[in-house]
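Visitor: this one's structure only:
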């Protein structure tokens, strides 16, 4: 048995993995499970009732975390002229036009967490879909990453705005903070994220939208939340 699997098994023995917990209890358990030698990210995973095969039920949006993610977010902006200056002034890490798109296609440059595009750059940014799409980095109006308000978008993602998009099974995964966050800050971020995600329910979804909510540390197992504590 590998060292990782042995550690993982030991962590599973610290709580009832079949149980459902209040948010306060779950945060304490997750912090106890987070014993890696770095400040682990706490992740929120939500099983939804969407049909991921239907385009109208796809979830592509963002949520804003009141206390941020605890991670320094690298932002790339496709913009020229005044928009480029606005992006630089707002704190974007990389700003450029077609030469930046070329760097991605020719050099495989992907050292960024969020890509934002001014509408007039989509004529060349649109060609990056096959590279950025599978990585969840493709700018889109739905996620607020194709926008005329470049400066505002950069500032909001730096402050704790995170992208939310369903995977092939209809599940959502997003960071909601770090182990080093206080329990209160994690509590606020998770509650806020769940409320905002619940508001993103596609119209065509039948029955329950949110089926299961789990929080977990980067290197540890998940802890199921009791859904009855939330208005979902």
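Guide: The structure has been received and is ready for your questions. Just so we're clear, the structure is a prediction, and the values are computed from it rather than from any experiment.
Visitor: so where's the protein shaky on pLDDT?
Guide: 1-5, 7-12 (pLDDT under 70).
Visitor: Of all the helix elements in the protein, which one is longest?
Guide: As assigned by DSSP state H, the longest helix anywhere in the chain is helix 183-198.
Visitor: Which residue ranges make up each domain of the protein?
Guide: If the domains of the chain are taken from automatic domain parsing, they occupy 16-68+161-229, 75-158, with pieces of a single domain joined by a plus sign.
Visitor: tell me which residues form a beta bridge with the most centrally placed residue in the chain?
Guide: Against the mean C-alpha coordinate of the chain, by Cα atoms, centre = their mean, the closest residue is residue 174 at 3.5 Å. Using DSSP bridges, the bridge partners assigned to residue 174 are residue 44.
Visitor: List the residues that contact it.
Guide: With contacts taken as Cβ atoms under 8 Å, 6 or more residues apart in numbering, residue 174 has the following neighbours: 43-44, 63, 162-164, 193. No exception for glycine: its C-beta is placed from N, CA and C like everyone else's.
Visitor: Could you measure from it over to residue 160?
Guide: According to Cβ to Cβ, to the nearest Å, residue 174 stands 11 Å off from residue 160.
Visitor: next one: residue 75
Guide: 13 Å.
Visitor: Who are the packing partners of the longest helix of the chain?
Guide: helix 23-33, strand 41-48, strand 60-64, strand 171-178, strand 210-217 (3 or more Cβ pairs under 8 Å, 6 or more residues apart in numbering; DSSP states H and E).
Visitor: before we move on, the earlier item: how much space between the residue nearest to the centre of the chain and residue 22?
Guide: Applying Cβ to Cβ to residue 174 and residue 22 gives a distance of 21 Å.
Visitor: Export the domains of the chain as JSON lines, with columns for distance to residue 6.
Guide: Formatted as JSON lines, the entries for these read as follows, by distance: least, Cβ to Cβ, whole Å:
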{"stretch": "domain 16-68+161-229", "distance to residue 6": "13"}
{"stretch": "domain 75-158", "distance to residue 6": "32"}
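Visitor: Alright, calling it a day.
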